[in-house]
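*Asks:* coordinates only, no sequence provided:
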């Protein structure tokens, strides 16, 4: 058999499963009186199933959806068995346990590789596959995070397991919602709209006036280079401790990317296209709205996507330098001082989800307005 990634992963799963049979998975008792424990219960079942599915993948006798389903079920049963076996006593897992972790991980990687290789002309299936692959990858990051943190007994003050973060999120919904409103709905959205809108308008003005292009563009470049940790305290002094000062920081961070990308987009129309508009006796504004702005839309949406993450970062960092007793940045800085690291990670998780949804909404809007662009037609 040709050595491929799939064969390597299948062999790794087989070796890992066999290692779980012959190597102790746990060492119980005190340091002076260790007791070796071999797999039993769900872990023993998983080890046996992992051997069978790995051999089926190596021999290539079981193919298609049946093998994919077997790999998927065994890998996730293994994740359940491994996490369940940790119980409340962590930090005492032997080499056999980690051998089974390698087996589960290799089987999960095989699943992801086979799903990524599926080709379909059905647009709905393509979108489902595009969602399934990153979802599977993200889920296994959380699974490995949980197993490693609890298996090595890493202190929660250094890195809490995802289960503890999820429990904190479930018990802190009112606090998280108040922080979300303060940071996302007020500072981020308002600053994002004003900053991107100002960048777009100023780009059109600079394009219209050579004087502004020579005088205002260098100033915009200077503003973009200002460090946020230096600007944020000044904005707090100017606009107060509430959300307007954070929105001001977001405006500064989002203005220049929109300005530069819009100017590049306005210049993307070819000379032949502009000459054609002149032959139609089109005015500057007619050329702008019917040719140059539509041509600039991919550049504008590129700036909007970049600014969706910059705005969130700017608002959270700005809250470190003065804010009411609410907000994601305030909560992170406060809970770190209290050593409530699970709450810090809960805020980080909420920020990551909000930023991803924000980015995704802009990307979907881009597909609607730039459906004619080759990059969209090709996908």
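*Replies:* Yep, that arrived. These figures come from a predicted structure and were not determined experimentally. Numbering: from 1, shown residues only.

*Asks:* what about residue 223, how many residues nearby?
*Replies:* 14 (other C-beta atoms under 10 Å). Bear in mind the C-beta positions are built from the backbone N, C-alpha and C, glycine included.

*Asks:* scratch that, residue 50
*Replies:* Counted with other C-beta under 10 Å, residue 50 comes out at 26.

*Asks:* make 654 the starting number, not 1.
*Replies:* Got it, first residue is 654 now, which makes that one residue 703.

*Asks:* and it, what does it touch?
*Replies:* Each residue near residue 703 by C-beta atoms under 8 Å, 6 or more residues apart in numbering is listed here: 666, 667, 669, 670, 673, 727, 731, 753, 756, 757, 760.

*Asks:* let me have these in TSV, extended by pLDDT, secondary structure and neighbour count.
*Replies:* Shown next, in TSV, are those (pLDDT from 0 to 100; DSSP: H, G, I helix; E, B strand; the rest coil; neighbours: other C-beta atoms under 10 Å):
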residue	pLDDT	secondary structure	neighbour count
666	88	helix	30
667	88	helix	20
669	89	helix	25
670	88	helix	29
673	82	helix	31
727	91	helix	27
731	91	helix	30
753	91	helix	29
756	92	helix	30
757	93	helix	28
760	92	helix	31
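
*Asks:* can you pull the domain assignment for this structure?
*Replies:* 658-807, 822-1030 (automatic domain parsing).

*Asks:* can you put the contacts of residue 703 in a markdown table and add distance to residue 766?
*Replies:* A markdown table is the format used below for the contacts of residue 703 (distance: C-beta to C-beta, whole Å):
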| residue | distance to residue 766 |
| --- | --- |
| 666 | 12 |
| 667 | 16 |
| 669 | 17 |
| 670 | 18 |
| 673 | 22 |
| 727 | 15 |
| 731 | 17 |
| 753 | 20 |
| 756 | 16 |
| 757 | 15 |
| 760 | 11 |
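
*Asks:* from those residues, which is closest to residue 815?
*Replies:* residue 757 (16.2 Å; C-beta to C-beta).

*Asks:* verify the stated contact: that closest one with residue 732.
*Replies:* Yes: contact criterion C-beta atoms under 8 Å: residue 757 and residue 732 qualify, at 5.7 Å.

*Asks:* and residue 885, what element?
*Replies:* helix 881-892 (DSSP states H and E).

*Asks:* show me what that helix is packed up against.
*Replies:* helix 896-919, helix 946-971 (3 or more C-beta pairs under 8 Å, 6 or more residues apart in numbering; DSSP states H and E).

*Asks:* out of the contacts of residue 703, which is nearest to residue 904?
*Replies:* Distances from residue 904 to these, taken by C-beta to C-beta, are shortest for residue 757, at 47.6 Å.

*Asks:* could you measure the closest one against residue 768, distance?
*Replies:* Distance from residue 757 to residue 768, counting by C-beta to C-beta, to the nearest Å: 17 Å.

*Asks:* also residue 661?
*Replies:* Between residue 661 and residue 768 the computed distance is 18 Å (C-beta to C-beta).

*Asks:* look up how far residue 857 lies from residue 916.
*Replies:* Residue 916 sits 9 Å away from residue 857 when distances are taken as C-beta to C-beta.

*Asks:* between the two, which one's more packed in?
*Replies:* Of the pair residue 916 and residue 857, residue 916 is the one with more neighbours under other C-beta under 10 Å, namely 21 against 17.

*Asks:* per-residue confidence for the more buried one?
*Replies:* pLDDT for residue 916: 87.

*Asks:* skipping adjacent residues, who's closest to it in space?
*Replies:* residue 856 (4.9 Å; C-beta to C-beta, 6 or more residues apart in numbering).

*Asks:* the one you found: what's it in contact with?
*Replies:* 911, 912, 915, 916, 919.

*Asks:* let me know the closest of these to residue 864.
*Replies:* Among the contacts of residue 856, and counting by C-beta to C-beta, the member closest to residue 864 is residue 916, at 15.0 Å.
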